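In: Whatever this is, show me its structure:
(one chain, ligands or ions: 1)
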Amino acid sequence: MAEVTEQELLEEKKNRDAEDVGGNEEEEEELSFEEIGLDPRLIRALSKKNIQKPTPIQRVAIPLILEGKDVVARAKTGSGKTFAYLFPLLQKLFSERGPKNKAAPNAFILVPTRELCQQAKASSLIELCRVQLKVVQLMSSMAASDLRTALGGLPDILVSTPGCIPKCLSTGVLQPSSISGALQILVLDEADLLLSYGYEDDLRALTAHIPRHCQCLLMSASSRYISCSTCDKLLYILALLKLELVQKKVLIFTNTIDMGFRLNAGN
Ligand SMILES: Nc1ncnc2c1ncn2[C@@H]1O[C@H](COP(=O)(O)OP(=O)(O)OP(=O)(O)O)[C@@H](O)[C@H]1O
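Out: This next block holds a predicted model:
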């Protein structure tokens with residue numbers, strides 16, 4: 001999964017670099033939201049927010065996510081990463097008829113600390129699109145009864161820190177079978193921070209119940225457009241393997257024997 005996606009993202013970067021260098025002669029027209037497959041309801045909602053055309057990360061990530069691919073994307077802060085996954089996530093939930101097992105949300109957005117902000121962004125888009133989706137935010141400081149009340153409202157999207165998941169499972173607020181039956185999209189926002197904040201055990205509590213068909217999106221900030229350094233790739237591949245987010249067969253090619261050994265040891 002990650003390899004195919006990354007290849008496509010790198011292709012886009014190459015094209016952009018070529019444009020930057022070759023520049024002026026043949027400037028390619030940038031694709032619009034419509035051309036990358038966004039639903040008219042979302043496009044109308046965006047124009048109300050004065051968002052007219054996709055940013056580079058959105059141009060690459062949105063079509064891949066709409067196609068159902070698992071995506072690992074890195075782009076610098078403020079480049080539009082949140083919307084790069086939020087637009088297609090909302091579109092998939094309101095236009096595709098997925099499993100309507102409302103014993104658990106259909107999408108989980110896991111964030112290191114800024115859940116409030118992501119919930120507000122999702123809620124305002126849902127409101128502007130006038131679609132029937134409900135987003136709820138959970139915090140690990142919430143009592144089990146509050147978690148139960150929040151999830152009792154049958155939300156479609158759950159925004160929380162990973163710490164909430166084991167709590168929901170251990171208190172019976174969420175059943176493992178409900179997650180397996182309902183979860184269609186899992187987003188790890190700020191994935192590098194999530195992994196460095198010591199959330200690995202919490203994430204594992206969830207990954208054990210992620211269904212095979214669930215689409216996984218890993219987003220993270222970077223000072224570069226898309227990470228392609230050896231070090232970063234290794235970190236991501238390790239994370240994907242360790243968290244068992246890659247659930248199908250994959251072939252991984254390494255440049256050096258050393259990297260092959262390191263990957264093997266990490267798994
Ligand atoms: N296509 C777009 N056109 C214009 N503005 C946009 C577009 N996409 C996002 N924005 C605006 O850019 C700002 C940053 O977007 P967003 O939060 O998605 O970026 P981010 O990469 O996730 O940033 P961070 O790493 O800080 O979370 C927001 O104010 C958002 O409204």
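In: Could you list the residues of the stretch 101-250 of the chain in contact with the ligand?
Out: Applying CB under 6 Å from any ligand atom, we find that the stretch 101-250 of the chain lies next to the ligand at residue 221. Yep, even glycine has a C-beta here, placed from its N, CA and C like the rest.
In: Please, where are all the strands along the stretch 101-250 of the chain?
Out: 107-110, 135-138, 157-160, 185-188, 215-221 (DSSP state E, counting those that start in this stretch).
In: Which neighbours in the sheet does the second one have, and how are they oriented?
Out: In other words, strand 135-138. Applying DSSP bridges, strand 135-138 is found paired with strand 157-160 (parallel).
In: could I get the strands of the stretch 101-250 of the chain as CSV with mean neighbour count?
Out: As requested, the strands of the stretch 101-250 of the chain are arranged in CSV below (neighbours: other CB atoms under 10 Å):
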stretch, mean neighbour count
strand 107-110, 26
strand 135-138, 23
strand 157-160, 26
strand 185-188, 24
strand 215-221, 22
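In: export those to JSON lines and tack on mean pLDDT?
Out: As requested, these are exported to JSON lines (pLDDT from 0 to 100):
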{"stretch": "strand 107-110", "mean pLDDT": "92"}
{"stretch": "strand 135-138", "mean pLDDT": "90"}
{"stretch": "strand 157-160", "mean pLDDT": "92"}
{"stretch": "strand 185-188", "mean pLDDT": "90"}
{"stretch": "strand 215-221", "mean pLDDT": "84"}
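In: any chance of the ones you listed in a markdown table, plus distance to residue 149?
Out: As requested, these are exported to a markdown table (distance: least, CB to CB, whole Å):
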| stretch | distance to residue 149 |
| --- | --- |
| strand 107-110 | 18 |
| strand 135-138 | 10 |
| strand 157-160 | 14 |
| strand 185-188 | 23 |
| strand 215-221 | 28 |
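In: among these, which is nearest residue 48?
Out: Each of the strands of the stretch 101-250 of the chain has some distance to residue 48 by CB to CB; the shortest is strand 135-138, at 18.5 Å.
In: And the closest one, how far out from the chain middle?
Out: Taking CA atoms, centre = their mean, to the nearest Å, one finds strand 135-138 lying 16 Å from the centre of the chain it belongs to.
In: hmm, who's touching it?
Out: The contact list for strand 135-138 (CB atoms under 8 Å, 6 or more residues apart in numbering) reads 105, 115-116, 119, 122-123, 126, 147, 150-151, 153, 155-160, 164, 168.
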